[in-house]
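Chemist: Pasting the sequence and the predicted model now:
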Amino acid sequence: MKRFQFRLATLLRHREMLETLREQEFTSAQGHLARAEARIAAIKAAFRAAIMARGGTPGERIDATSMLDRERYLLALHSEIVEQERFAEGARIVAEERRVALVAARQAREAVLHLRDQEAALYAAGVQRSEQELLDEMATLRHTRGARETAREEAA
């Protein structure tokens, strides 16, 4: 009997390739999100450091120009944080969309794998049935030959 060959093997390879592609897209989206969150963390750290330096040291003379520069810097950092958080939110949305697409691709591949497993099980059952029929036929032939030989011996 010929060996098992899945009739939808091409479709399965296509679904596996799509899943791989979706996985790469999801990984890329996660990378963008991680970089955005790292930038936010770095800017927030600079913001906290600038706030800590805002108080100065006791006995230091107050310089209005440096205070104004520091406040402008803090406003710029705050604006950058807001902008990066918007970017990160967009990256989160894209990452979630990519995750959903990856899950759908996995489910589609698994559906075809399930069909392959069902076909393989049917094929194996058919092979087993054919082998059993062959064994039954061989046993019947042996029994028939044995009965003929016994009848010949009794006749002789």
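Modeler: Here it is on my side, so go on.
Chemist: got the contact list for the residue nearest the centre of the chain?
Modeler: Centroid check for the chain by C-alpha atoms, centre = their mean gives Glu23 as the closest residue, at 5.2 Å. For Glu23, the contact set (C-beta atoms under 8 Å, 6 or more residues apart in numbering) comprises Leu102, Ala105. Where you see a C-beta, it was placed from the backbone N, CA and C, and this is true even at glycine.
Chemist: Okay, and it sits in which element?
Modeler: helix 9-54 (DSSP states H and E).
Chemist: So Arg109 versus Ile43, what's the distance?
Modeler: Applying C-beta to C-beta, to the nearest Å, the value for Arg109 to Ile43 is 41 Å.
Chemist: Tell me how many other residues surround Ala111.
Modeler: Ala111 has 12 neighbours, counted by other C-beta atoms under 10 Å.
Chemist: what about it, is that helix, strand or coil?
Modeler: helix (DSSP: H, G, I helix; E, B strand; the rest coil).
Chemist: Let me see the confidence value for the residue nearest to Phe4 when sequence neighbours are not counted.
Modeler: Of all residues beyond its chain neighbours, the one nearest Phe4 is Tyr123 (4.5 Å), with distances taken as C-beta to C-beta, 6 or more residues apart in numbering. Per-residue confidence at Tyr123 stands at 93 (pLDDT).
Chemist: Pass me the low-pLDDT residue ranges in the protein, would you?
Modeler: Residues of the chain that meet the criterion pLDDT under 70 lie in 1, 55-60, 156.
Chemist: Alright, I will stop here.
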